[in-house]
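Chemist: Sequence and predicted structure, then a few things I'm wondering about:
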Amino acid sequence: MRIRRVIRAIPLFDRLRDHSSVSTNVCKTGASPTACWGRLVTRVCAVVPLMLLLTAFDSAALAQSGSAAQPAISQTAHSFAGFINEASQRFAIAPNWIRSVQSMESDGDVHARSPKGAMGLMQIMPATWAELRERYNLGNDPYDPHDNILAGTAYLRELLDRYGSPGVFAAYNAGPSRYEEHLAGASLPGETRAYVAKLANQLAIELPPRWTSSRQSSAAATLFVTRSDLVKTRDRLMAFMPPAGVTTAISPSDVSPMVPQPVDVFVPRSDSGASQ
């Protein structure tokens with residue numbers, strides 16, 4: 001006679017040793033129902049506190065990870081607010097100017113360093129930092145947010161006093177030497193012109209027409225310089241005019257036609273609006 005063996009496809013969990021914290025086989029054969037339920041309640045009471053503790057730990061971890069996931073820029077901006085206010089009061093620069101320049105220069109990255117070597121939040125060049133650090137008694141670390149913001153704001157103040165607005169931003173971006181060349185007739189880099197235009201838009205600063213034009217005319221700059229030279233020439237000629245009552249071979253009326261006349265800066269336009 002053949003004996004058919006029955007094999008369970010899925011083993012029962014309560015037959016596996018140490019599979020669960022609370023075994024389902026807590027009632028032994030022959031045990032009374034009261035004893036059975038007593039063992040079950042004891043084991044459940046032992047496990048529940050552990051489960052609650054793990055749940056609380058997981059909740060705290062999720063809360064911490066959620067707060068860490070907030071944008072770093074908002075956290076750093078809040079921590080820099082005190083430094084910005086201090087720099088604003090010390091150097092008489094509006095806080096929104098400082099924030100906008102900082103955002104344009106480093107986007108709030110304390111450790112930012114440009115390919116050219118500009119450092120920190122306000123992207124200050126090493127030579128400029130060394131001078132400002134000594135002048136305003138700052139620390140040794142150019143990346144320190146407090147000192148970097150103070151140095152950058154002090155630099156803005158100096159450039160504003162020298163060049164006014166919006167020249168302060170062009171000089172900050174391109175450097176004073178490059179901006180001096182621009183004032184002498186050279187063109188500014190496209191990056192600097194875009195930099196100034198963006199800051200002016202953020203700070204509601206009205207730019208002169210020469211900043212808003214897409215191309216800078218070196219010819220127009222030359223005309224402005226020429227006109228200034230003409231005025232100086234006229235003044236020199238008038239200085240040579242003799243005092244009243246002195247007879248000369250050339251009378252003042254003869255000198256007047258010799259004085260160069262101012263020229264128009266803008267090219268005359270036809271009725272159709274095209275340049276002549």
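Modeler: Noted; the coordinates are in hand.

Chemist: Show me where the stretch 151-276 of the chain dips below the pLDDT cut-off.
Modeler: 212-276 (pLDDT under 70).

Chemist: try 50
Modeler: 214-234, 236-242, 245-276 (pLDDT under 50).

Chemist: quick one, what contacts Gly139?
Modeler: When contacts are counted by Cβ atoms under 8 Å, 6 or more residues apart in numbering, Gly139 touches 133, 147. Quick note: C-beta positions are derived from backbone N, CA and C, even for glycine.

Chemist: nope, Trp129 is what I meant
Modeler: Contacts of Trp129 (Cβ under 8 Å, 6+ apart): 119, 142, 151.

Chemist: now Pro176: how far from Arg90?
Modeler: Applying Cβ to Cβ, to the nearest Å, the value for Pro176 to Arg90 is 21 Å.

Chemist: Comparing those two, which residue is more hemmed in?
Modeler: Legend: neighbour count by other Cβ atoms under 10 Å for Pro176 and Arg90, higher for Pro176 (17 against 13).

Chemist: Which residue comes closest to that one once chain neighbours are left out?
Modeler: Leu159 (7.0 Å; Cβ to Cβ, 6 or more residues apart in numbering).

Chemist: For Asp141, see how far away the one you found is.
Modeler: 23 Å.

Chemist: Same check on Leu183?
Modeler: On the measure of Cβ to Cβ, Leu183 and Asp141 end up 35 Å apart.

Chemist: which stretches of the stretch 101-250 of the chain form strands?
Modeler: Using DSSP state E, counting those that start in this stretch, the stretch 101-250 of the chain contains no strands.

Chemist: What ranges does it have for its helices?
Modeler: 126-135, 145-163, 167-174, 176-183, 190-203, 209-212, 218-239 (DSSP state H, counting those that start in this stretch).

Chemist: would you turn these into JSON lines with distance to Ala112?
Modeler: Shown next, in JSON lines, are the helices of the stretch 101-250 of the chain (distance: least, Cβ to Cβ, whole Å):
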{"stretch": "helix 126-135", "distance to Ala112": "14"}
{"stretch": "helix 145-163", "distance to Ala112": "10"}
{"stretch": "helix 167-174", "distance to Ala112": "15"}
{"stretch": "helix 176-183", "distance to Ala112": "21"}
{"stretch": "helix 190-203", "distance to Ala112": "16"}
{"stretch": "helix 209-212", "distance to Ala112": "27"}
{"stretch": "helix 218-239", "distance to Ala112": "34"}
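
Chemist: any idea which of those is most buried?
Modeler: helix 167-174 (a mean of 24; mean count of other Cβ atoms under 10 Å).

Chemist: what's the angle from it to helix 190-203?
Modeler: 140 degrees (axes from the mean of the first three to the mean of the last three Cα atoms, to 10 degrees).

Chemist: Need the CA coordinates for helix 167-174. CSV is fine.
Modeler: Taking C-alpha atoms only, helix 167-174 is exported to CSV below (Å, rounded to 0.1, in the frame of the first residue of the first chain):
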residue,chain,number,x,y,z
GLY,A,167,29.0,103.3,-13.6
VAL,A,168,29.5,101.7,-10.1
PHE,A,169,28.2,98.4,-11.4
ALA,A,170,30.2,98.4,-14.6
ALA,A,171,33.4,99.2,-12.7
TYR,A,172,32.6,96.5,-10.1
ASN,A,173,32.2,93.9,-12.9
ALA,A,174,34.9,94.9,-15.4
